[in-house]
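Engineer: Here you go, sequence then predicted model.
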Protein chains: 2
Amino acid sequence: MRNLKIVLAYDGFDFRGWQVQPDQPTIQGTLAECIERVTGEKVLPQGSGRTDAGVHALAQVTSCAIASPIPVNNLVKALNDVLPAAIRILEIQEVAPDFHARASATAKTYRYRIFRGDICPPFLARYVYHHPFPLSEDALFLASDRVVGKHDFTSFASVDPERAAKDGEVNNVRTIFSSAWHLGEEELVYTVRGSGFLHHMVRNLVGTFLLVGKGTLSPNDITRILKACSRSAAGPTAPAHGLFLVKVEY
Amino acid sequence: MRNLKIVLAYDGFDFRGWQVQPDQPTIQGTLAECIERVTGEKVLPQGSGRTDAGVHALAQVTSCAIASPIPVNNLVKALNDVLPAAIRILEIQEVAPDFHARASATAKTYRYRIFRGDICPPFLARYVYHHPFPLSEDALFLASDRVVGKHDFTSFASVDPERAAKDGEVNNVRTIFSSAWHLGEEELVYTVRGSGFLHHMVRNLVGTFLLVGKGTLSPNDITRILKACSRSAAGPTAPAHGLFLVKVEY
């Protein structure tokens, strides 16, 4: 068997997330169907992580073992011919047998886009969170800095029924390497790179940062919320469709 | 009654075109429903022209008469609150009673986007025609120039069963003020401004220009095709989702 590392981009707006579900359009399920159409093999490609319904990816990584001898460049073309235009394979590499898209990942980068103008162009509406309300940029910049480093992120982790049932022990400590807001013309963009992310973690961080931007919380509250280790201490979950998985590192 | 000029943008990908149809998502039908929700009045806003299923608009214009005294800026906000994010009202003005979005229009501008790279990003796929094949840019530039001026565009008009049934006499003479291709990084963009456009005319022009770009036809053939006054002389209809109604002038 050959072990393949597949890099793919997707517009997640019309999908029920990464993970295969019966009778629902999912990225993993659609990809598995197309691999079977091209190679005749039933495989379930393993993602670097599950993205939620509506979340996009500029470069998600998935791995799977196949028997077919088809050259990787031909497989890229053949898969893109049968996949819907909302999912594109960017690259396929043959990798060592012990490579696993999730277990081997060393860092991930996510981006969250907020559109601030009064009227959100229809062509952006699937890819940004429209938030046309005043926000203190200085407060946002300070708040995002408070999560850099190694912390227990329990306060920013939504309960994940599926994972809780599977895993006996839970370790919510993660390391954030960088966390910053950038100011675009009509957008505010948050980019975060870390060792790993808990369920809804980026969306919960953004939802909480927005409370700081509004003045409901102060940047110092972020440190307090981290220490509380309680989901109820933090703010709401920002909408899925502003979020992009940007990069997975190995 | 007040006569309103409404300027709106839409992502037409998931709609069955401008014109209201029973049990189908259309721009005109959705807009009429939302005007009724906001004002309580049943009206059918008249567009500057019907856009086909899948065609987008940066600034379509529609007119309608309403009795409600709601100030225009409030109406913009109220309609955008109830419309889907794929349709945005950009501006509403109160205009003279004799203004009609279609009859009063003096010029329209359309744009057609072609993506040339090997892999079309999923975030562009709804808004461009993916055409990763060699094209002679010089030939395209020459071809687009041949349609400038006053011509009978019968060769570039698809049969429109609805309109043919309604109108007794058919006049397919239109004036094109400008017609040109522009080269982007990975895109070829065609922009055309004219007095008016026949059914599928821009898409038929683009489909024919692409045959010139491929070398199947020469730029001189465009002049021959115009003179033929026969739809079968021209090339195929380019896909709808690359087309944008950019501007309507009065």
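Structural biologist: Okay, I see it.
Engineer: most distant residue from the middle of chain A?
Structural biologist: Going by CA atoms, centre = their mean, the residue of chain A most distant from its centre is A:P69, 31.5 Å out.
Engineer: Now it: closest residue in space that isn't a chain neighbour?
Structural biologist: A:R2 (7.9 Å; CB to CB, 6 or more residues apart in numbering or on different chains). Using the backbone N, CA and C atoms, a C-beta is placed for each residue, glycine as well.
Engineer: Contact residues of chain A facing chain B?
Structural biologist: Residues of chain A lying near chain B by CB under 8 Å from any CB of the partner chain: A:9-11, A:56, A:80, A:85-90, A:119-123, A:125-127, A:130.
Engineer: Can you tell me which of the residues you listed are buried?
Structural biologist: A:9-11, A:56, A:80, A:85-90, A:119-123, A:125-127, A:130 (16 or more other CB atoms under 10 Å in any protein chain shown).
Engineer: Filter these down to just the ones in helices.
Structural biologist: Filtering those for membership in helices, criterion DSSP state H, returns A:N80.
Engineer: and chain A, what are its domains?
Structural biologist: With domains defined by automatic domain parsing, chain A comprises A:2-95, A:107-249.
Engineer: Look up the pLDDT of A:K166 for me, please.
Structural biologist: On pLDDT, A:K166 comes in at 54.
Engineer: what do you get for the one 5 residues further on?
Structural biologist: With respect to pLDDT, A:N171 has a value of 90.
Engineer: what's the neighbour count on it?
Structural biologist: Residues within reach of A:N171, counting by other CB atoms under 10 Å in any protein chain shown, total 9.
Engineer: That one looks like it's in a helix, true?
Structural biologist: No - per DSSP: H, G, I helix; E, B strand; the rest coil, A:N171 lies outside any helix segment and is coil.
Engineer: before we move on, the earlier item: inside strands: which ones of the residues of chain A next to chain B?
Structural biologist: A:A9, A:Y10, A:H56, A:I87, A:R88, A:I89, A:L90, A:H130 (DSSP state E).
Engineer: And the furthest pair within those?
Structural biologist: A:I89 and A:H130 (30.6 Å; CB to CB).
Engineer: Any stretches of chain A with poor pLDDT?
Structural biologist: Low-confidence segments of chain A (pLDDT under 70): A:160-169.
Engineer: just to revisit the earlier point, okay, and the beta partners of the residue nearest to A:P69?
Structural biologist: Legend: beta-bridge partners of A:R2 under DSSP bridges are A:I66.
Engineer: burial count for it?
Structural biologist: Neighbourhood size, A:R2 [other CB under 10 Å]: 14.
Engineer: Check A:T223 too.
Structural biologist: Number of residues near A:T223 (other CB under 10 Å) recorded here: 14.
Engineer: That one is in what secondary structure piece?
Structural biologist: helix A:219-228 (DSSP states H and E).
Engineer: buried stuff in that helix?
Structural biologist: Applying a neighbour-count criterion of 16+ other CB under 10 Å, one finds A:P219, A:D221, A:I222, A:I225, A:L226 buried in helix A:219-228.
Engineer: and what of stretch A:127-135?
Structural biologist: Result for stretch A:127-135 [16+ other CB under 10 Å]: buried residues A:Y127, A:V128, A:Y129, A:H130, A:H131, A:L135.
Engineer: could you list every residue that touches the first one?
Structural biologist: I take that to be A:Y127. Applying CB atoms under 8 Å, 6 or more residues apart in numbering or on different chains to A:Y127 gives the contacts A:D11, A:F13, A:H56, A:R113, A:H241, A:G242, A:F244, B:F123.
Engineer: Redo the residues you listed as JSON lines? Include distance to B:E249.
Structural biologist: Below are the contacts of A:Y127 laid out as JSON lines (distance: CB to CB, whole Å):
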{"residue": "A:D11", "distance to B:E249": "34"}
{"residue": "A:F13", "distance to B:E249": "34"}
{"residue": "A:H56", "distance to B:E249": "37"}
{"residue": "A:R113", "distance to B:E249": "33"}
{"residue": "A:H241", "distance to B:E249": "35"}
{"residue": "A:G242", "distance to B:E249": "36"}
{"residue": "A:F244", "distance to B:E249": "38"}
{"residue": "B:F123", "distance to B:E249": "31"}
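Engineer: Show me where chain A has its strands.
Structural biologist: A:2-10, A:46-47, A:56-66, A:87-95, A:107-115, A:129-130, A:149-152, A:173-183, A:187-194, A:243-249.
Engineer: Please identify which of these is closest to A:I35.
Structural biologist: Between A:I35 and the strands of chain A, the shortest gap by CB to CB is with strand A:56-66, which sits at 7.2 Å.
Engineer: which parts of that closest one are buried?
Structural biologist: A:H56, A:A57, A:L58, A:A59, A:Q60, A:V61, A:T62, A:S63, A:C64, A:I66.
Engineer: and which of those residues is nearest B:N74?
Structural biologist: A:H56 (34.2 Å).
Engineer: from memory the closest one sits against A:L245, does it?
Structural biologist: Yes - A:H56 is in contact with A:L245 according to CB atoms under 8 Å; the separation is 7.3 Å.
Engineer: Return the distance of A:L243 relative to chain B.
Structural biologist: Noted for A:L243: a distance of 13 Å to chain B, by CB to the nearest CB, to the nearest Å.
Engineer: and the nearest residue to that residue once chain neighbours are set aside, what does it touch?
Structural biologist: Distance criterion CB to CB, 6+ apart; nearest residue to A:L243, sequence neighbours excluded, is A:V55 at 4.7 Å. Listed by CB under 8 Å, 6+ apart, the contact partners of A:V55 are A:G12, A:G17, A:A240, A:H241, A:L243, A:F244, A:L245.
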